[in-house]
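Novice: Turn this into a structure:
(chains A and B)
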Amino acid sequence: DTGVSQDPRHKITKRGQNVTFRCDPISEHNRLYWYRQTLGQGPEFLTYFQNEAQLEKSRLLSDRFSAERPKGSFSTLEIQRTEQGDSAMYLCASSLEPIGMAGHYEQYFGPGTRLTVT
Amino acid sequence: LAKTTQPISMDSYEGQEVNITCSHNNIATNDYITWYQQFPSQGPRFIIQGYKTKVTNEVASLFIPADRKSSTLSLPRVSLSDTAVYYCLVGVSGSARQLTFGSGTQLTVLP
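Specialist: Presented below is the predicted three-dimensional model:
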């Protein structure tokens, strides 16, 4: 296993279309995160899973966004009715659940999916 | 929510030691401080993490004073390949909603 992979790497879509991205985490990692990053800014947290359970979502996350991790392995992020403001890099990260402590540590990021909405 | 402040950019020359400081005045008692590195068109890469005093690994050192209101990432003898954006992250011990990367510091290493 060479790390977190994401597919596709680039996606161009027309406004109003739906898009779906896939993330394959490091195999033994039970946590999976989705982030969005726009030019010149750091990654912005969207949501995270522990195994198949979606435990937290950003309060800023539109209801057009939905994420799944059906078997606790890969995850998909779907954006419905895309808008030009959705153009960004979508990053996936995975990590192990820390032992004996709460929180989120040492995440391993994938290369991202760059979405362009025209 | 522990907000962080970092310099927007820094320049250095090859072979020099680089120190990037991050201010986090509202850091919570249980919060750790984590630094990531990001190259263009790639996801961030974990560099180092600490809670207090000094942490060192094979690529960097992290200095955290007793009041923990700031931290300094130290990169020894930088090379051109260290040119990247560096992010300081705190609040990792709490809700995932607190995972705020900020704008980071663009480090440019010159020959």
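Novice: what's the closest non-adjacent residue to B:Val85?
Specialist: Distances taken as CB to CB, 6 or more residues apart in numbering or on different chains place B:Gly104 nearest to B:Val85, at 4.2 Å, with adjacent residues excluded. Bear in mind the C-beta positions are built from the backbone N, C-alpha and C, glycine included.
Novice: Is the one you found in contact with B:Phe39, as I believe?
Specialist: No - counting by CB atoms under 8 Å, B:Gly104 sits too far from B:Phe39 to count as a contact (11.9 Å).
Novice: Settle it for me: which of those two has more neighbours?
Specialist: A side-by-side neighbour count of B:Gly104 and B:Phe39, using other CB atoms under 10 Å in any protein chain shown, places B:Gly104 first with 28 against 13.
Novice: got the contact list for that one?
Specialist: Contact partners of B:Gly104, counting by CB atoms under 8 Å, 6 or more residues apart in numbering or on different chains, are A:42, B:6, B:38, B:85-88.
Novice: One more: B:Glu58?
Specialist: So, once contact is read as CB under 8 Å, 6+ apart, B:Glu58 ends up touching nothing.
Novice: In three-state terms, label it for me.
Specialist: coil (DSSP: H, G, I helix; E, B strand; the rest coil).
Novice: how close does it sit to B:Val78?
Specialist: Distance, B:Glu58 to B:Val78, using CB to CB, to the nearest Å: 15 Å.
Novice: phi, psi of the nearest residue to B:Arg77 once chain neighbours are set aside?
Specialist: Once flanking residues are discounted, B:Arg77 sits nearest to B:Gly15: 5.4 Å by CB to CB, 6+ apart. Note on B:Gly15: backbone dihedrals following degrees, to the nearest 10 are phi 90, psi -10.
Novice: if I look at B:Gly15, how far off is chain A?
Specialist: Using CB to the nearest CB, to the nearest Å, one gets 28 Å for the distance from B:Gly15 to chain A.
Novice: got it, and B:Ala96?
Specialist: Distance from B:Ala96 to chain A, by CB to the nearest CB: 4 Å.
Novice: Neighbours of that residue, how many?
Specialist: The number of residues near B:Ala96, taken as other CB under 10 Å, comes to 20.
Novice: That one is in contact with A:Tyr48, isn't it?
Specialist: Yes - if you go by CB under 8 Å, B:Ala96 and A:Tyr48 touch, sitting 4.8 Å apart.
Novice: Can you pull the residues that touch both of these two?
Specialist: By CB under 8 Å, 6+ apart, B:Ala96 and A:Tyr48 have these common neighbours: A:33, A:55-56, A:104.
Novice: Top of these by number of neighbours, please.
Specialist: A:Tyr33 (27 neighbours).
Novice: Surely that one is in a strand?
Specialist: Yes - counting by three-state DSSP, A:Tyr33 is found in a strand.
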